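1. model this:
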Amino acid sequence: MRVSCLQENLAKGLGIVGRAVATRTTLPITQNVLISTDQGRLKLAATNLEIAITTWIGANVEEEGSISVPARLLSEFVNSLPSDTIDIVGSDSPKSIQVKCGTFDAKINGTDAEEFPPIPSVSGGLGFTAPSKILKAALDRTIFAAATEESRPVLTGIKIEIESDKLTLAAADGFRLAVYSAEIETSVKEPIGVIIPSRSLNELNRFLSDKEQPVEIMFSDNNAQVMFKMEDLELVSQLIQGNFPPFAELLADATKDTQCKAEFKLTEFLGAAKVASIFARDSSGIIRLEIKPVEEQDVGQLTISAKAEEIGENTSQIDGKVDGQESKIAFNSKYLLDVLGSIGTEKVMLETSGPSRAGVFRPTDSENYVHLVMPMFVQW
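-> This is a model prediction of the structure:
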């Protein structure tokens, strides 16, 4: 192998694939990055066996080759180099690369590329294309609601359903449920329903921030893996097998018999909730909401409060539009702040059916997003 590339390009590429490098593992080679030449470009790949990331960077390839080297060592060295051209020369005895940049010169030992775990190739199954902005909007509003503990593996993933040209993402952790739906540019011939690990989608979401091109999404023919393909980047993830909760039924149950619908300015609601959360920290994270309509008028008031016996208490009010009867409900402060922070519109709607039923949050200007939060049981 004999190639040269720009330091900033190599550093960026190593940063991308570094998200898939294993940290704690019984298979040491998964702590390496695979470097190879590919049709006049330099190809970088890494995998922790659950997720694999591959990226390509521009390079001047004089001699083809491939090698696996320690990812952390190479990344730290490249990041410390000046912004200049880097020359990489491979050697077979011993297996290593020589990395030169200006006055810096290093030799890094590696292993044969054939010993590196194979990067999965996803083909033969169903697929579709989604605009990167729509996919990012969906992930921003659902990922945080997925479970982090492994007691119920299906809840650590995001359920993705595609039917015709409608894309739906759902996430739940047993205490909340977030569902986002949108239309995509392509239509699938038959419905798709899979569960993708939220960790994998978190990594994908990082890359979507600076992507404008549509994302090509393909599933393996045995429905065991999914690949997200973007310009100069591929991410492959294992899928989670199991039955995701019937979120459509849960939504229908939560939204029937609604007693109160209230609209408030999001900035005011979120600001008051943040202040209340300071006091809620010492009271099991409980934030109380009391919605009071004004008789014969389409207005009302929301009182947001938190009380800690040994610390003190906080109360604030905001005005809004209230339709229905007076309502009281309490939420965990983290869940309340999470949903209010994700809606991203000028106003938010809160629907309640009593203090023991889930609260339903929606943006007022879109039908795409709905978020259920289970209440906390408190003494009023």
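2. Pull the number of nearby residues for residue 321.
-> Counted by other Cβ atoms under 10 Å, the residues lying close to residue 321 total 16. C-beta coordinates here come from the backbone N, C-alpha and C atoms, glycine included.
3. Now do the same contact list for the residue nearest to residue 291 when sequence neighbours are not counted.
-> Distances taken as Cβ to Cβ, 6 or more residues apart in numbering place residue 327 nearest to residue 291, at 4.5 Å, with adjacent residues excluded. For residue 327, the contact set (Cβ atoms under 8 Å, 6 or more residues apart in numbering) comprises 259, 260, 262, 290, 291, 352, 354, 355.
4. Which of those residues sits closest to residue 185?
-> Using Cβ to Cβ, residue 262 is the member of these that lies nearest residue 185, at 35.8 Å.
5. what lines up beside the helix or strand hosting that closest one in the sheet?
-> If you go by DSSP states H and E, residue 262 is part of strand 260-265. Next to strand 260-265 in the sheet, as set by DSSP bridges, lie strand 312-324 (antiparallel), strand 347-352 (antiparallel).
6. Give me the residues contacting the last one.
-> Outside strand 347-352, the residues within contact range by Cβ under 8 Å, 6+ apart are 255, 258-266, 269, 289, 291, 327, 329, 340, 359-365.
7. if we can go back for a sec, and the residue nearest to residue 291, how far is that from residue 268?
-> Distance, residue 327 to residue 268, by Cβ to Cβ, to the nearest Å: 18 Å.
8. Repeat that for residue 13.
-> The separation that residue 13 has from residue 268, given Cβ to Cβ, amounts to 44 Å.
9. Residue 189: what's it in contact with?
-> residue 126.
10. How is it classified with respect to secondary structure?
-> Under the three-state scheme (DSSP: H, G, I helix; E, B strand; the rest coil), residue 189 adopts coil.
11. Residue 298 now?
-> With three-state DSSP as the criterion, residue 298 reads coil.
12. Around it, how many other residues sit close by?
-> So residue 298, with other Cβ under 10 Å, has 10 neighbours.
13. Kindly indicate whether residue 243 is helix, strand or coil.
-> On the basis of three-state DSSP, residue 243 is classed as coil.
14. Find the nearest non-adjacent residue to it, please.
-> residue 154 (6.6 Å).
15. With distance to residue 36 as new columns, can the strands paired with strand 260-265 be given to me in TSV?
-> Shown next, in TSV, are these (distance: least, Cβ to Cβ, whole Å):
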stretch	distance to residue 36
strand 312-324	58
strand 347-352	49
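16. highest average neighbour count across these?
-> strand 347-352 (a mean of 22; mean count of other Cβ atoms under 10 Å).
17. tell me the mean pLDDT over that one?
-> In this model, strand 347-352 carries a mean pLDDT of 96.
18. and it, how far from the chain's centre?
-> Centroid separation between strand 347-352 and its chain, computed with Cα atoms, centre = their mean, to the nearest Å, is 24 Å.
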